[in-house]
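Student: Provided below for reference: sequence and predicted model.
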Amino acid sequence: MATLNKVMLIGNLTRDPEVRYTPSGSAVSDVRMAVSRKFKTSDGQEKEETCFVSVTVWGRQAETVGEYLRKGSPIFVEGRLKLDEWEKDGQKQSRLTVVAERVQFLSAPRRGEVGDAPPAGERRSKAAPAASSKHEDEAPPPAEDAGGEDLPF
């Protein structure tokens, strides 16, 4: 039997991204995004509902997200669902998250804000930390060839 675990979302970040590094040197950023949908009810009223989604971004994409995005930034995320389970105070807890395979920025960074992208001529290449052994869920997806340029999207 075939299976498919694919998620595509467009929404806005609800807070500034923070990047941290695993002991093996892999960059990871947990971001939260709001995804809204507008619809009409059966009696003709327009309604809007918002879903808040936790997204985990790995590798160079995590560093780029932390460098260029801020609260309110619109993004497109393509990834897979992952169920996290743990126990707290004897109670089983669970949370459904998205592991990003691709993050695309939907607007340019705003001028004058912290974390703005420097002009194209001033961009510098950053070397990503080398990673040794990785856990299965820490492994970032294969990088797409960007033609040798250090572009955030």
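Tutor: Everything's here; your move.

Student: Got phi/psi on the residue of the chain most remote from its centre?
Tutor: Residue farthest from the centre of the chain, counting by CA atoms, centre = their mean, is residue 43 at 37.0 Å. Dihedral pair for residue 43: phi -90, psi 10, per degrees, to the nearest 10.

Student: cool, and residue 107?
Tutor: Per degrees, to the nearest 10, the backbone of residue 107 is at phi -150, psi 160.

Student: which element follows the helix or strand that contains residue 60 toward the C-terminus?
Tutor: Assigned by DSSP states H and E, residue 60 belongs to helix 59-68. Per DSSP H and E, the first helix or strand lying C-terminal to helix 59-68 is strand 74-88.

Student: how about that following strand as CSV, C-alpha atoms only?
Tutor: Provided in CSV are the C-alpha atoms of strand 74-88 (Å, rounded to 0.1, in the frame of the first residue of the first chain):
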residue,chain,number,x,y,z
PRO,A,74,5.0,35.6,4.8
ILE,A,75,6.5,32.1,3.8
PHE,A,76,5.7,29.0,1.9
VAL,A,77,6.7,25.7,3.6
GLU,A,78,6.8,22.3,2.0
GLY,A,79,7.5,19.4,4.3
ARG,A,80,6.2,16.4,6.2
LEU,A,81,4.2,15.8,9.3
LYS,A,82,5.9,14.4,12.4
LEU,A,83,4.3,13.3,15.7
ASP,A,84,6.3,14.2,18.8
GLU,A,85,5.3,12.2,21.9
TRP,A,86,6.6,12.5,25.5
GLU,A,87,5.5,12.1,29.1
LYS,A,88,5.1,14.9,31.5
